[in-house]
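# Okay, sequence plus prediction incoming.
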Amino acid sequence: MGLPPASHDAVDSIPPMVTGGNLDNKRIGKGMIMYYPVAVEGALISMGDAHTAQGDSELDGTGIETSITGDFKLSVISASQFEDWHAIIDFPLGETDSEYIVHGFTETNYLETYAENPGDIYSNSSIDKAMKNCYTQTRKFVMAKWGLTEIEATTVITQGIDFAMTQLVDGNWGVHAVVPKVIFEGGKKKKGGKKKKTKSTKPGPKSSKKPKMKKTKIKKLLRN
């Protein structure tokens with residue numbers, strides 16, 4: 001799934017780009033929400049290249065290719081509806097009930113880097129650059145989404161976020177980060193096991209004081 005860029009009248013449909021396209025991420029499927037930046041009037045989304053099976057990397061160039069018929073819900077988030085993190089998205093972003101998926105590439109926008117000859121991306125694709133790009137995008141995303149500092153974001157990424165190659169065959173090679181939502185849900189854990197009951201041997205009046213409850217406030221900041 002993807003949208004056309006504004007920079008070129010015609011583009012190769014194989015390398016992925018800012019507005020999506022041939023991501024070849026096997027996690028994109030039923031129940032997944034995808035966010036794509038809109039670059040042209042009307043968005044002009046297109047879909048295709050479905051797989052019934054594919055490993056991370058799609059190493060020999062193809063998954064098990066298939067046609068697909070499904071129900072898709074398309075929604076437009078206008079600038080007036082943006083939350084802070086919407087404004088920084090210059091990459092395809094996935095979301096499920098439990099995680100976000102950040103996509104990084106050798107070049108965020110290979111059509112800008114190789115504007116005169118976009119085909120040069122094939123001979124210049126690099127998994128090292130894709131990993132660096134995905135890290136940078138992930139850090140930017142968690143900072144904007146959850147209000148972290150750069151140091152805090154890097155610590156969270158190091159301790160709780162997984163990176164994996166997406167594809168190594170399409171040009172503009174891809175790496176993605178899987179960001180578990182539970183990391184940012186207050187760190188509450190259910191305590192297991194039984195508690196031992198004890199009885200006081202000294203009679204006395206029952207306390208009328210109620211135990212104090214710790215409250216956590218979550219603020220959602222919206223752009224005007």
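Received, thanks.
# so what's the backbone phi/psi at E152?
Backbone geometry at E152, expressed as degrees, to the nearest 10, gives phi -60, psi -40.
# How many neighbouring residues does it have?
E152 has 14 neighbouring residues, counting by other C-beta atoms under 10 Å. All C-beta spots, glycine's among them, are computed from the backbone N, C-alpha and C.
# Also D60?
A count of neighbours around D60, defined by other C-beta under 10 Å, yields 8.
# Same question for V11.
By the other C-beta under 10 Å criterion, the neighbourhood of V11 contains 17 residues.
# Ok, F105 next?
31.
# and the closest residue to it other than its chain neighbours, what is it in contact with?
Closest residue in space to F105, ignoring its immediate chain neighbours: N172 at 4.7 Å, by C-beta to C-beta, 6 or more residues apart in numbering. Each residue near N172 by C-beta atoms under 8 Å, 6 or more residues apart in numbering is listed here: 15-17, 105-107, 110, 121, 125.
# what does H51 give?
By C-beta under 8 Å, 6+ apart, the residues touching H51 are 24, 26, 63-66.
# Using PDB, list the CA coordinates for the helix or strand where K140 lies.
Counting by DSSP states H and E, the element that carries K140 is helix 127-146. The C-alpha coordinates for helix 127-146 follow below in PDB (Å, rounded to 0.1, in the frame of the first residue of the first chain):
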ATOM      1  CA  ILE A 127      21.500  -2.300   5.600                       C
ATOM      2  CA  ASP A 128      23.800  -0.300   7.800                       C
ATOM      3  CA  LYS A 129      22.300   3.000   6.700                       C
ATOM      4  CA  ALA A 130      18.800   1.500   6.900                       C
ATOM      5  CA  MET A 131      19.500   0.500  10.500                       C
ATOM      6  CA  LYS A 132      20.800   4.000  11.400                       C
ATOM      7  CA  ASN A 133      17.800   5.600   9.700                       C
ATOM      8  CA  CYS A 134      15.300   3.300  11.500                       C
ATOM      9  CA  TYR A 135      16.900   4.100  14.900                       C
ATOM     10  CA  THR A 136      16.700   7.900  14.100                       C
ATOM     11  CA  GLN A 137      13.000   7.600  13.100                       C
ATOM     12  CA  THR A 138      12.200   5.500  16.100                       C
ATOM     13  CA  ARG A 139      13.900   7.900  18.500                       C
ATOM     14  CA  LYS A 140      12.000  10.800  16.900                       C
ATOM     15  CA  PHE A 141       8.700   9.000  17.100                       C
ATOM     16  CA  VAL A 142       8.900   7.900  20.800                       C
ATOM     17  CA  MET A 143      10.100  11.400  21.800                       C
ATOM     18  CA  ALA A 144       7.100  13.000  20.100                       C
ATOM     19  CA  LYS A 145       4.500  10.400  21.000                       C
ATOM     20  CA  TRP A 146       5.400  10.100  24.800                       C
END
